[in-house]
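Trainee: with the sequence up front, the predicted model follows.
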Amino acid sequence: GFITEQTYINFIHRLCDEAQIQTSLIVPFANGVWKGFRVHLSSPPVSPTYMLTLRKQKQFAIPLEVLCNKGWCTPAEQAQLSQLIKDRQNIIVVGNTGSGKTTLINALMNEAPEHRWISIEDTSELRLPNSLSASLLT
């Protein structure tokens, strides 16, 4: 923990400088990356104090087969997802925070690493499988 509220605020300011993010009265939320962590920060007046969330970003994609072996899906569902990717079909991935959306999308992209992928994210988390692909930030 932090010794005082002021040491916490000082840490937040240093983190914001290093991550090149800022909050204000007009824009009380900020997203960024800091030392391999995804950063989400909210500040007063929308929260009583600075609220910081750090999420560790994976350095590599977990293969769909590994997710299946861990019980995420059945072999039939894995085959169906793989076929959808190979057929260049659209797939919508929806879920709560921390439910594994990014992990799944990274696995799906690696089912066809030769495809050109374009990601549109508010914080860059996807691991694009080749140099043909593009990552755009909102």
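Mentor: Done, it's in. Numbers count the residues shown, from 1 in each chain.
Trainee: give me the element the residue nearest to P75 when sequence neighbours are not counted is part of.
Mentor: Setting aside the residues directly before and after it, P75 is nearest to C68 in space (CB to CB, 6 or more residues apart in numbering), at 6.2 Å. (C-beta placed from N, C-alpha, C; glycine too.) Here C68, judged by DSSP states H and E, is contained in helix 64-69.
Trainee: which other helices and strands contact that helix?
Mentor: Helix 64-69 sits against helix 75-86, helix 101-109, with contacts defined as 3 or more CB pairs under 8 Å, 6 or more residues apart in numbering; DSSP states H and E.
Trainee: dump the residue contacts of the residue most central in space within the chain.
Mentor: The residue lying closest to the centre of the chain (CA atoms, centre = their mean) is E125, at 3.8 Å. Contact analysis of E125 by CB atoms under 8 Å, 6 or more residues apart in numbering lists 38, 57, 102.
Trainee: can you tell me how far it sits from V46?
Mentor: 23 Å (CB to CB, to the nearest Å).
Trainee: how far does the lowest-mean-pLDDT helix or strand in the chain sit from the chain's center?
Mentor: Ranked by mean pLDDT, DSSP states H and E, the helix or strand of the chain with the weakest confidence is strand 118-121, at a mean of 84. Centre-to-centre, strand 118-121 and its host chain are 11 Å apart (CA atoms, centre = their mean, to the nearest Å).
Trainee: can you list the weak-confidence ranges in this protein?
Mentor: Scanning the chain for pLDDT under 70 picks out 123.
Trainee: give me that answer again for 80
Mentor: 57-59, 97-98, 121-125, 138 (pLDDT under 80).
Trainee: show me where it has strands.
Mentor: Secondary structure of the chain (DSSP state E): strands located at 29-34, 37-42, 51-56, 118-121, 134-137.
Trainee: which of those sits most buried?
Mentor: strand 37-42 (a mean of 18; mean count of other CB atoms under 10 Å).
Trainee: nearest to R116 among the helices and strands packed on helix 64-69 would be which one?
Mentor: helix 101-109 (10.6 Å; CB to CB).
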